[in-house]
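J.: The following block contains a protein sequence and its predicted model.
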Amino acid sequence: MALNTLEFHVKIDEGTKSIDKPVHLGVVGSGDMEVLMEPKDLKGAVSIKLVTPVAGFDELWKRVVETFVSETLLGDVHLEINDNNATPAVVLLRLRQAFAEATGE
Amino acid sequence: MPKWNDIQEQSFLESDARARAVGLVDEGTFTELAGPFDRFYSPHLETLGEAVEFDDGIVTGVGKIGKTPVFVISQEGRFIGGSVGEVGGAKMVNTIRLAVEFYDKLVAEHSDLTDEEKPVVVISFETGGVRLHESNAGLLAHAEVMDQLQKARHKVPVITLIGSKVGCFGGMGFVAAATDAIIMSEYGRLGLTGPEVIEQEMGKEEFDSSDRALVFRTTGGRHKYIMGDCNVLVHGKVADFREALGKLAGLPVSEFEKMRRIGSPELVEKQLKLVALAAEMQPKDARDVWAKAGNADAATLDSKPFDEFVASVKRLEV
């Protein structure tokens, strides 16, 4: 019943890059989510804190975020996510949108 | 966030609360207050295990239109139907309070202020009213917003915008009606009890909420314009709302008294005349009232092209 808070770190070995400015993206609609993406000194890692009403998908969350980090080579960034039953495809889409906005790509 | 120029061309209906807030004021002037990075989310939803949002579904901030300081409140309908709870309500209350305090300070320091240099508050409503999860805290938030509206009266005009998907219903329908001026698009809807709730409580014979045409000719912008509940009817783009807002923002505060719906003995009398008219007419449909207002083409009024409608429609006078 209570909200689940998941926290984890993702670090890739290749040369990572951070972002210049903090970004907020998304609305916590049904099946959607929002993300805060902030530069933070984490020795090249990405830290994620996510809050979701859904239980039992911790591994899947981790894999989606790992996919995102490995394709963007992101590092020294803190992500905070409020989720409301977003599917993995939507999560990846929102993360990519936030990354595009943060980097101007 | 899309670029400011692109937001202007966007449909107000389809924009999110933050894009509306940014797009309603001059380019580059919007500063968000208590934004998502401040993480003021609802403690009640958290306790209930419901998804939270960092801005609690309401964007607040300040910006400028020309020389006019504009305090902006913009509700997000996609987060729990734009419902107003304790945190979002407090953000609304404090934005209006800031505007009033700012006005007092400005007037005390500068005796030669022109009307367009005085602040206004604009509220973009997209809500079904109280967030039921937060019951009393949500209700209290409504009362506190109403209280601030009274404090702003004769000082800072409060202008309502309605052109969103959810519309403006429930307790926030009361709040909107208590503001000084209302700008709507024809896609905006304003009312107290929402269509689905009427059907649920009174039955499909009373009100068929799946009948979109019925819903819009009872709660939509065109009907509200004829009834006088809405002061200005605009096309649906963000730029259209911005333009109408800009025209009102520079007016002297006394001009807004003429646009109000409630708040004086004369206006109460006018409302009572409307009630008496309804009792006398027993209208079966909004079109009966449109005909009563002097529209010979009442049957086709809702399908007329927008510009033609605005140019030719007769509004109800009591």
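T.: That came through fine. Residues are numbered from 1 along each chain as shown, chains lettered A, B, ... in the order given.
J.: The strand or helix carrying A:E59 near chain B anywhere?
T.: Taking DSSP states H and E as the criterion, the element that holds A:E59 is helix A:58-72. No: on the criterion Cβ under 8 Å from any Cβ of the partner chain, helix A:58-72 is out of touch with chain B, staying 14.7 Å away. (C-beta placed from N, C-alpha, C; glycine too.)
J.: If you count neighbours, what's buried in that helix?
T.: A:W61, A:V64, A:V65, A:E66, A:F68, A:V69, A:T72 (16 or more other Cβ atoms under 10 Å in any protein chain shown).
J.: what's the second one in contact with, if anything?
T.: Okay, so that is A:V64. A:P88, A:V91, A:L92, A:L95 (Cβ atoms under 8 Å, 6 or more residues apart in numbering or on different chains).
J.: ok, now how distant is the residue in the stretch 201-318 of chain B positioned nearest to chain A from B:E9?
T.: Per Cβ to the nearest Cβ, B:V238 is where the stretch 201-318 of chain B lies closest to chain A, at 16.9 Å. The spacing between B:V238 and B:E9, counted by Cβ to Cβ, to the nearest Å, is 8 Å.
J.: which of these two has more neighbours?
T.: B:V238 (25 against 11; other Cβ atoms under 10 Å in any protein chain shown).
J.: Any of the contacts of A:V64 buried? List them.
T.: A:V91, A:L92, A:L95.
J.: Would you agree the second one is in contact with A:T67?
T.: Yes: here A:L92 reaches A:T67: they are 6.6 Å apart, a contact under Cβ atoms under 8 Å.
J.: neighbours of residue 33, just the number please.
T.: This is for chain A. A:M33, neighbours per other Cβ under 10 Å, totals 26.
J.: actually it's chain B I care about, not the one you picked
T.: B:L33, neighbours per other Cβ under 10 Å, totals 15.
J.: likewise A:D13?
T.: Around A:D13 there are 6 residues (other Cβ under 10 Å).
J.: Show me the strands in chain B, by range?
T.: B:31-33, B:58-65, B:68-75, B:120-124, B:158-162, B:181-185, B:232-234 (DSSP state E).
J.: quick one: buried residues of the last one?
T.: What that stands for is strand B:232-234. B:V232, B:L233, B:V234.
J.: Let me have these in TSV, extended by pLDDT.
T.: As requested, the buried residues of strand B:232-234 are arranged in TSV below (pLDDT from 0 to 100):
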residue	pLDDT
B:V232	98
B:L233	98
B:V234	98
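J.: Next, see if the next helix or strand after the helix holding A:E59 gets close to chain B.
T.: Next helix or strand after helix A:58-72 toward the C-terminus (DSSP H and E): strand A:77-84. Yes: applying Cβ under 8 Å from any Cβ, one finds strand A:77-84 in contact with chain B at A:E80, A:N82, A:D83, A:N84.
J.: Same list (these) but as a markdown table, adding pLDDT and neighbour count.
T.: Formatted as a markdown table, the entries for those read as follows, by pLDDT from 0 to 100; neighbours: other Cβ atoms under 10 Å in any protein chain shown:
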| residue | pLDDT | neighbour count |
| --- | --- | --- |
| A:E80 | 97 | 20 |
| A:N82 | 97 | 26 |
| A:D83 | 97 | 27 |
| A:N84 | 96 | 23 |
